[in-house]
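In: Below are the sequence and a predicted model; questions follow.
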Amino acid sequence: MATGINRQEQLGEDALTAVLPHRDPYPLPEAACEPVLSYPGRLTTDEILQPLASGFATVSADGALTPSPIIPNSVVLTDNLFGLHQMIANGTKATLIYLDPPYNTGLDFQSRQLEHSYKDSQGVAAYVEYMRRRLVLMREVLADDGSIYVHIGHQMVSHLRVVMDEIFGAANFRNLISRRTCSSKNYTRNRYSNMNDYVLFYSKTANFKWNQPGEKPPEEWIAKEYNKIGPKGRYKLVPVHAPGTRNGATGGLWKGMMPPPGKHWQYLPSKLDEMDANGDIHWSKTGNPRRKVHLTDDKLVPYTDSWTNFRDAHHQSIEITGYPTEKNLHMMRMIVGASSDPGDLVLDPFCGSGTTLRAAEDQGRRWIGFDQSFAAIKATLKRLRHGSEKMGDYVDRGRTDDEDDPKVVDLFGAPDGKNKVETKPPSNRAAVNFTFAVDEELIDPFRNEISALAST
Ligand SMILES: C[S@@+](CC[C@H](N)C(=O)[O-])C[C@H]1O[C@@H](n2cnc3c(N)ncnc32)[C@H](O)[C@@H]1O
């Protein structure tokens with residue numbers, strides 16, 4: 001061993017660099033160096049944060065316009081760049097920001113009534129910088145205990161992951177969630193069928209609000225996990241000891257037995273006696289005690305980073321506005337519940353048909369939504385004033401876990417109206433108290449359109 005490196009190390013993964021450290025003349029970046037995407041026209045953070053003049057006016061039902069700052073519970077017709085600058089100038093902080101921006105699909109989206117909704121095609125660098133500028137502003141708006149969810153497609157998820165790491169810090173990355181959007185289709189193309197989009201979840205700091213969300217366990221999971229049935233219902237068996245030794249009573253004798261080596265009793269012997277008396281301890285034939293954990297009605301299984309139960313609204317028999325890229329209301333309720341508390345402010349800077357706003361309102365949060373499309377604002381105003389309809393493209397007949405469970409056989413019915421089975425009325429019809437506001441710059445060019453929106 002003349003080199004001081006044993007043969008085993010030479011053959012390990014560092015073999016080449018250990019033996020021939022100077023062969024590559026080009027050094028690698030320092031470990032702390034974070035990669036950024038590079039392209040012409042990339043502004044510095046300071047440039048992005050330079051205040052931009054912005055003014056807003058509220059629109060009353062009769063179309064009257066009154067200059068006003070953006071206040072909570074507002075739907076605002078604006079490019080969010082200006083809305084975000086206003087929020088920064090006003091010192092308004094949001095606990096949760098959810099955004100579902102255009103995915104850069106190269107498509108032009110229309111509503112079900114064939115109205116143009118928004119264009120979704122930009123060059124890659126233009127898209128990245130467009131999003132980066134807005135995300136830098138969103139970080140300023142986000143409260144220190146806040147979280148941000150970026151919903152995005154396969155087209156730009158990798159680029160935005162790098163941008164999010166740059167702006168929010170890789171340490172604040174929480175999850176890359178894959179969401180199943182629909183059932184498999186497009187088998188004819190020369191690639192694997194695409195069924196998912198993605199959510200990048202970041203917090204602003206390590207101390208962020210988090211209310212663990214979960215779903216009711218499926219029957220198969222229950223049968224496997226809680227595989228025993230007794231007088232008190234389904235249960236599973238878990239050990240009565242835990243790793244680590246203890247000096248006190250939990251490290252001593254219970255029913256003449258010591259805990260296994262290196263372990264301690266999970267409860268005081270007196271508590272274990274009580275559990276045994278209640279029939280909550282199972283004794284194996286060899287005298288090994290285990291605790292019975294019974295299934296309770298409120299048992300929830302925590303969500304993972306793979307979401308399969310929040311498919312696109314258009315693919316289920318649930319109430320929707322018909323806006324082309326409308327997201328699933330149940331998904332939004334879950335996100336709002338997980339990452340904010342009642343009274344907190346929820347911001348959706350690309351609010352589309354207002355799904356996030358409705359979910360926030362339903363759960364007692366305050367909210368602000370921006371969108372620059374008249375079709376989107378119209379859909380949001382309609383949803384908040386009059387509720388939404390069951391009008392997806394088709395229904396998933398097997399689905400039963402939908403709380404609104406409308407049991408519509410055919411969404412629109414056959415053209416003659418056959419097949420349509422009406423059931424209970426939609427649940428989210430209750431009108432919401434909110435303010436409709438517009439960017440002042442839009443008033444002169446779009447006075448008539450704004451007035452039409454006022455009375456939507
Ligand atoms: C994918 S959709 C959002 C759908 C929404 N999540 C829903 O449930 O209906 C994206 C929206 O972003 C809007 N948008 C695009 N760029 C914008 C910008 N700079 N400011 C405000 N809205 C913008 C589009 O008009 C579109 O309504």
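Out: Received the coordinates, thanks.
In: can you confirm Val76 is in a strand?
Out: Yes - judged by DSSP: H, G, I helix; E, B strand; the rest coil, Val76 forms part of a strand.
In: Determine the set of other helices and strands touching the helix or strand that contains Ile335.
Out: In the assignment (DSSP states H and E), Ile335 maps to helix 329-339. Secondary-structure packing of helix 329-339 (3 or more Cβ pairs under 8 Å, 6 or more residues apart in numbering; DSSP states H and E): strand 94-99, strand 142-152, helix 355-362. For glycine as for every other residue, the C-beta is placed from the backbone atoms N, C-alpha and C.
In: what helix or strand does the spatially closest residue to Val128 that is not a sequence neighbour sit in?
Out: Once flanking residues are discounted, Val128 sits nearest to His159: 5.2 Å by Cβ to Cβ, 6 or more residues apart in numbering. The secondary structure element spanning His159 is helix 157-168 (assigned by DSSP H and E).
In: is any part of that helix close to the ligand?
Out: No - judged by Cβ under 6 Å from any ligand atom, helix 157-168 makes no contact with the ligand; its nearest approach is 13.9 Å.
In: count of neighbours near Val150?
Out: As a burial measure, Val150 scores 25 neighbours (other Cβ atoms under 10 Å).
In: Looks like it contacts Val199 (just checking).
Out: Yes - at 6.8 Å, Val150 and Val199 qualify as touching, with contact defined as Cβ atoms under 8 Å.
In: residues from the stretch 301-450 of the chain in reach of the ligand?
Out: The stretch 301-450 of the chain comes close to the ligand at residues 323, 325-327, 350, 352-353, 355, 370-373, 376, as judged by Cβ under 6 Å from any ligand atom.
In: Of these, which is the nearest to Thr58?
Out: Phe370 (14.5 Å; Cβ to Cβ).
In: picking up where we left off before, buried residues in the helix holding His159?
Out: 157, 159-168 (16 or more other Cβ atoms under 10 Å).
In: Which strands or helices does that helix pack on?
Out: When contacts are defined as 3+ Cβ pairs under 8 Å, 6+ apart, helix 157-168 sits against helix 124-141, strand 142-152, strand 173-180, strand 196-203.
In: now for the longest one, which elements pack on it?
Out: Here helix 124-141 touches helix 45-49, helix 80-90, strand 94-99, strand 142-152, helix 157-168, going by 3+ Cβ pairs under 8 Å, 6+ apart.
In: The residue nearest to Leu329 when sequence neighbours are not counted and Met331, how far apart?
Out: Once flanking residues are discounted, Leu329 sits nearest to Thr355: 5.6 Å by Cβ to Cβ, 6+ apart. Plainly put, Thr355 is 8 Å away from Met331 if you go by Cβ to Cβ, to the nearest Å.
In: Does the nearest residue to Ser68 once chain neighbours are set aside lie in a helix or a strand, and which?
Out: Of all residues not flanking Ser68 in the chain, Thr58 sits nearest, at 4.7 Å (Cβ to Cβ, 6+ apart). Assigned by DSSP H and E, Thr58 falls within strand 56-59.
In: residues making contact with that strand?
Out: 65-70, 74, 76, 78, 83, 86, 435-440, 443, 450, 453-454 (Cβ atoms under 8 Å, 6 or more residues apart in numbering).
In: for it, which positions count as buried?
Out: 56-59.
In: From the residues you listed, pick the one nearest the ligand.
Out: Here the nearest of the buried residues of strand 56-59 to the ligand, counting by Cβ to the nearest ligand atom, is Phe56; it sits at 13.5 Å.
In: Just list whatever residues bridge to that closest one.
Out: Note on Phe56: beta-bridge partners Asp439, judged by DSSP bridges.
In: same check, this time on the one 10 residues further on
Out: On the basis of DSSP bridges, Thr66 takes part in beta bridges with Thr58.
In: show me where pLDDT drops low in the stretch 301-450 of the chain?
Out: Regions of the stretch 301-450 of the chain meeting the criterion pLDDT under 70 cover residues 313-319, 389-430.
In: Would you map the strands across it?
Out: Using DSSP state E, counting those that start in this stretch, the strands found in the stretch 301-450 of the chain span residues 301-302, 306-307, 319-320, 345-348, 366-371, 389-390, 435-439.
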